[in-house]
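Undergrad: need coordinates for the following:
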Amino acid sequence: MKLILASSSPRRAEILRDAGMSFTVMSSAVDETPIPGESPNEYVHRLACAKAELVAARSIGPTIVIGADTVVVLDGQIIGKPRTAEDARRTLQLLSGRTHSVVTGVTLIRLPDAERRGFVETTQVQFSAISTEEIARYLATDEPYDKAGAYAIQGRAGRYIPRVEGCYFNVVGMPVARLWQELTALGWSDEFGD
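TA: Numbers count the residues shown, from 1 in each chain. Here you go, the predicted structure:
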């Protein structure tokens with residue numbers, strides 16, 4: 001049985017590789033426009049399903065497809081990836097000195113029987129108060145620009161995060177322990193890539 005990651009995220013692929021999973025990557029670009037009134041949990045669940053379905057429709061043979069989407073949530077509002085440096089600056093100012101949530105939706109589709117499993121994982125992240133100068137230095141690294149919430153916990157921004165409640169890997173983009181439980185429930189067996 002093949003494992004396909006329906007995501008072009010290098011961070012998700014790295015998490016799976018580091019966990020010893022053998023997989024291939026298939027891109028799954030979907031419209032990520034939120035639906036009015038949609039909660040963050042509903043949003044990530046919908047996008048994870050859409051990504052998995054798109055790749056499952058193009059897959060052949062015994063396969064498990066993994067779709068995922070991650071967002072940062074502050075005061076109940078989704079904070080997406082910054083589009084500009086000013087957008088990233090505003091986002092980091094909002095997060096400074098506060099605790100926010102990182103929410104990831106994951107959908108697995110097993111083929112050929114189309115059996116599905118899905119879940120939403122939430123992690124609380126405490127962000128230290130950071131100065132205007134620190135934000136400017138961080139923006140100059142180019143690290144924030146393709147990340148939800150404008151930061152990478154596994155990178156330079158880790159110095160500003162004193163506390164995480166929940167799955168660290170969820171903040172990076174894939175709650176790997178929960179994913180493993182769901183994969184094994186679908187019959188996946190891959191002992192450290194052997």
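
Undergrad: distance of the spatially closest residue to Leu111 that is not a sequence neighbour from His45?
TA: Nearest residue to Leu111 in three dimensions, chain neighbours excluded: Thr63, at 4.5 Å (CB to CB, 6 or more residues apart in numbering). From N, CA and C alone the C-beta is placed, and that goes for glycine too. Computed with CB to CB, to the nearest Å, the distance linking Thr63 and His45 is 21 Å.

Undergrad: more crowded one of the two?
TA: More neighbours surround His45 than the other of Thr63 and His45, with 22 against 17 (other CB atoms under 10 Å).

Undergrad: and the gap between the more buried one and Phe119?
TA: The span separating His45 from Phe119 equals 9 Å under the rule CB to CB.

Undergrad: between these two, what contacts are shared?
TA: Residues touching both His45 and Phe119 (CB atoms under 8 Å, 6 or more residues apart in numbering): Gly105.

Undergrad: in the chain, which spans are helices?
TA: If DSSP state H is used as the criterion, the helices of the chain fall at 10-18, 40-56, 85-95, 132-139, 168-172, 176-185.

Undergrad: please identify the deepest-packed of these.
TA: Taking mean count of other CB atoms under 10 Å as the contact definition, the stretch among the helices of the chain with the greatest mean neighbour count is helix 168-172, which reaches a mean of 23.

Undergrad: quick one: mean pLDDT for that one?
TA: The pLDDT scores in helix 168-172 average 96.

Undergrad: show me the residue at the heart of this protein, geometrically.
TA: With distances taken as CA atoms, centre = their mean, Gly173 lies nearest the centre of the chain, 2.7 Å away.
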